[in-house]
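Enquirer: would you be able to build a 3D model of this:
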Amino acid sequence: MSRVRLLASRLRPIVSILGPHRRLFAIAAIAGMANQLLLLVAAALGAWIVGRAVTGDPVADLTAPLAWFAVTSIAAQVLNVLDGWCSHVMSWRALHDLRIALHRKFDDLGPAYLLERRSGDVARVALADVSEIEIYTSHVLPPMLAAAVVPLGATIGAAVLHPLLAIALAPFLIGTATVPFWLGRRAEEQGERARSSAGGLASVVIDGLQGMRELAAFRAEAGMTERIRRAQAEMIDATLLHARRVAVERVFTIVLLSSGMLATLVTGAWLVSSGRLDSGLFPAAVVLAGAAFMPVLALTTVGGELQRIAACADRIWTILDAQPSVRFDQSDTVPGEIGPRVEFDRVTFRYRHDLDPALVDASFAIEPGQTVALVGHSGAGKSTAAHLLQRLWDPQSGTISIGGHDVRRYPEHQLRSLVATVPQDVYLFNTTVIDNLRIGRPDASLDEVRAAAEQARALEFIDALPDGFDTVLGERGATLSGGQRQRLAIARALLHDAPVLVFDEAVSNLDTESEAEIRHAMSAAAKGRTTFVIAHRSSTIRAADHVVVLERGRVVEQGAYEPLVASGGALTRLLHAERHPQPTESSAQP
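Expert: Numbers count the residues shown, from 1 in each chain. So this is what the prediction gives:
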């Protein structure tokens, strides 16, 4: 019984999403119960009519029962249609609400949550797990009410005919209804393994699709095929185990149903032969027994999946109940004109408690209109500083301020309006050019979009596309070059018109010609703005007003480019290492 209560508590959150649609649920539930009861009445009435006809009752005496049989049968079918329509509309609307809630939650949780999880697992929760809930809301929850009413009504009807019929029927009904709970723990374990293996396969397939160019370039298709084969084999094994358990449940269910029908037949035949039951009522007794099992059988067919559906609900509500790593102040917008002065004051941050700090006691300031270059080896903390400025995470100690206000004071919409980013790995959505550019300002006019594109040196290649600004870019903008994607990202940031601009290694992967184009676009974008440039190349660093050199999360020196180079310190060593990379052990051998 405790396992039943535990399962009910795990499924209860699903019922909560039906709250706004309770009217449809009530109509579906009432129609479903009425439909099942009318079918029970029609079946029993039909069996009684057959029994009376067999015993020689004239047809004229059966006219009224036949009319009632027709009325109940038609009414039952009308109610069945109403039940199906209401329950499915209710489910589709509830799942729409659930998907929107999940999307908003992902936005609330931010990248910190998503980076620590496999993309295949997260996608499966948002798509497949939500779809599984429809089985419960449409095909389990409403029939559960009928499954409770109809067997009870049939058992009462059998008891009216003779108490021994109900006594013979009841144990098998109870056994059939509880079959899914006998193997509940195994069902949960196998369902979780099947789901986990499916998520693993999805992750591998996504990996292969997104890395197709690299696989082709290094002729690594065989290795990826082997990874997919292993993931597929694991999913098949898990699915077969699950299928075997379902088969065992069905065998138990069929045995119990057959035994219940046999017990009713034997008891009814004995009652008729001993004169304790009218022979004309015997067909009605058999039909009542069959009708009692039908909704229970239908429910166990789908109800055997209750553990799997509960696991889906657990995963969905784990996300919905998760706490974001960053909580934005819900107070009013910080008033007054905000100057774009940015300051890091003794900032320390680590991504997880078991990792080394990404920034340690880092302090530097950027005056309005300045361009600062954050430089250092990979892992020095450059991108981390940009992430903290945008409040993707919060530091464990120290403060980051814009315009003299701690970034934690700003509500989210205001902070996002103050900072725009051009990342190294530009993500372009599978929609038109203009929709990609308007992502931060959906109301921007075409003239404003064209002006931003021209300033970013993107207008010429956009106009050359097949449909210009209405050209659909495809997934991740794969048909564009790296330089073109970067220029679109700069145009997007310009259209956003934020006073603080972050370039996160925007030219690190480009050829010389593309780099020159992007640098011109960056210079145009930086005018009148406070600009972060995360860079490795000396040509980009030289153009900055101020240089901050990071080593293992610490600011080791900062200042103007020329004096720093002349001092022969950390920046000089970094630039020397860039120009004269140390040979690896293998390349140094003759």
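
Enquirer: wait, Ala489 sits on Val422?
Expert: Yes: taking contacts as CB atoms under 8 Å, Ala489 lies within contact range of Val422: 4.7 Å. All C-beta spots, glycine's among them, are computed from the backbone N, C-alpha and C.

Enquirer: okay, helices next: where are they in the stretch 51-200 of the chain?
Expert: 63-109, 111-114, 119-124, 130-134, 141-161, 163-182, 184-210 (DSSP state H, counting those that start in this stretch).

Enquirer: quick one: closest of those helices to Glu367.
Expert: Evaluated with CB to CB, those place helix 111-114 nearest to Glu367, the distance being 29.0 Å.

Enquirer: now the closest one: mean pLDDT?
Expert: For helix 111-114, mean pLDDT is 71.

Enquirer: enumerate the positions of that helix that are buried.
Expert: Across helix 111-114, burial judged by 16 or more other CB atoms under 10 Å covers Tyr113.

Enquirer: and stretch 259-277, by the same measure?
Expert: Quick answer for stretch 259-277 (16+ other CB under 10 Å): Gly260, Met261, Ala263, Thr264, Thr267, Gly268, Leu271, Val272, Leu277.

Enquirer: one more: stretch 415-430?
Expert: Leu415, Arg416, Ser417, Leu418, Val419, Ala420, Thr421, Val422, Pro423, Gln424, Val426, Leu428.

Enquirer: isn't Leu145 up against Ala29?
Expert: Yes: between Leu145 and Ala29 there is a contact at 5.1 Å, judged by CB under 8 Å.

Enquirer: so where do the helices sit in the stretch 201-350 of the chain?
Expert: Under DSSP H, counting those that start in this stretch, the stretch 201-350 of the chain gives helices at 212-217, 221-273, 282-303, 306-320.

Enquirer: I'd like the ones you listed as JSON lines, with distance to Asp545 and mean pLDDT appended.
Expert: Shown next, in JSON lines, are those (distance: least, CB to CB, whole Å; pLDDT from 0 to 100):
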{"stretch": "helix 212-217", "distance to Asp545": "38", "mean pLDDT": "70"}
{"stretch": "helix 221-273", "distance to Asp545": "46", "mean pLDDT": "83"}
{"stretch": "helix 282-303", "distance to Asp545": "67", "mean pLDDT": "74"}
{"stretch": "helix 306-320", "distance to Asp545": "43", "mean pLDDT": "81"}
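
Enquirer: mind checking these for the one nearest to Ser197?
Expert: Of the helices of the stretch 201-350 of the chain, nearest to Ser197 by CB to CB is helix 221-273, at 4.1 Å.

Enquirer: angle of the closest one against helix 141-161?
Expert: Orientation check (axes from the mean of the first three to the mean of the last three CA atoms, to 10 degrees): helix 221-273 against helix 141-161 gives 20 degrees.

Enquirer: quick check, distance from helix 221-273 to the centre of its chain.
Expert: 30 Å (CA atoms, centre = their mean, to the nearest Å).

Enquirer: relative to helix 306-320, how tilted is that helix?
Expert: Going by the same axes, to 10 degrees, helix 221-273 makes 130 degrees with helix 306-320.

Enquirer: which strands or helices does helix 221-273 pack on?
Expert: Helix 221-273 sits against helix 163-182, helix 184-210, helix 282-303, with contacts defined as 3 or more CB pairs under 8 Å, 6 or more residues apart in numbering; DSSP states H and E.

Enquirer: what comes up buried for stretch 46-60?
Expert: Gly46, Ala47, Trp48, Ile49, Gly51, Arg52.

Enquirer: same deal with stretch 67-86?
Expert: Phe69, Thr72, Ser73, Ala75, Ala76, Leu79, Asn80, Leu82, Asp83, Gly84, Cys86.

Enquirer: ok, which pair from the residues you listed is furthest apart?
Expert: So, the buried residues of stretch 67-86 by CB to CB: farthest apart are Phe69 and Cys86, at 26.3 Å.

Enquirer: please work out which of the helices of the stretch 201-350 of the chain is packed deepest.
Expert: helix 282-303 (a mean of 22; mean count of other CB atoms under 10 Å).

Enquirer: what stretches of the stretch 351-500 of the chain score poorly on pLDDT?
Expert: The stretch 351-500 of the chain contains no residues with pLDDT under 70.

Enquirer: so who does the residue lying closest to Leu39 once chain neighbours are set aside touch?
Expert: With sequence-adjacent residues excluded and distances taken as CB to CB, 6 or more residues apart in numbering, Leu39 is closest to Ala76, at 4.7 Å. If a contact means CB atoms under 8 Å, 6 or more residues apart in numbering, then Ala76 has Asn35, Leu38, Leu39, Ala42 as its contacts.

Enquirer: report how many residues lie close to Pro335.
Expert: By the criterion of other CB atoms under 10 Å, Pro335 has 6 neighbours.

Enquirer: relative to Arg450, which of the buried residues of stretch 67-86 is nearest.
Expert: Using CB to CB, the buried residues of stretch 67-86 come closest to Arg450 at Cys86, 50.4 Å.

Enquirer: ok, now how distant is the closest one from Ala53?
Expert: 38 Å (CB to CB, to the nearest Å).

Enquirer: picking that back up, pipe the helices of the stretch 51-200 of the chain into a markdown table and attach distance to Val472 per row.
Expert: What follows is those, written out as a markdown table (distance: least, CB to CB, whole Å):
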| stretch | distance to Val472 |
| --- | --- |
| helix 63-109 | 22 |
| helix 111-114 | 26 |
| helix 119-124 | 22 |
| helix 130-134 | 27 |
| helix 141-161 | 41 |
| helix 163-182 | 48 |
| helix 184-210 | 19 |
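
Enquirer: so which of those gets nearest Glu337?
Expert: For Glu337, the closest of those is helix 63-109, at 28.6 Å, according to CB to CB.

Enquirer: and the angle for the closest one with helix 306-320?
Expert: Helix 63-109 runs at 30 degrees relative to helix 306-320, counting by the same axes, to 10 degrees.

Enquirer: so for Leu145 and Ala29, which sits in the more crowded spot?
Expert: In this view Leu145 and Ala29 are compared by other CB under 10 Å, and Ala29 has more residues nearby, 19 against 16.

Enquirer: just checking the distance from the host helix or strand of that one to the centre of its chain.
Expert: Secondary structure assignment for Ala29, by DSSP states H and E: helix 22-54. Put simply, helix 22-54 sits 40 Å off its chain's centre (CA atoms, centre = their mean).

Enquirer: mind splitting this structure into its structural domains?
Expert: Domain segmentation of the chain under automatic domain parsing yields 2-320, 342-582.

Enquirer: redo those domains as a markdown table? Include distance to Thr333.
Expert: Formatted as a markdown table, these follow (distance: least, CB to CB, whole Å):
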| stretch | distance to Thr333 |
| --- | --- |
| domain 2-320 | 19 |
| domain 342-582 | 5 |
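
Enquirer: quick one, which of these is nearest to Phe328?
Expert: domain 342-582 (4.2 Å).

Enquirer: for the residue nearest to the spatial centre of the chain, what are its contacts?
Expert: Centre of the chain computed as the mean C-alpha position; nearest residue by CA atoms, centre = their mean is Ala126, 2.0 Å away. Ala126 sits next to Arg99, Leu102, His103, Phe106 when contact means CB under 8 Å, 6+ apart.
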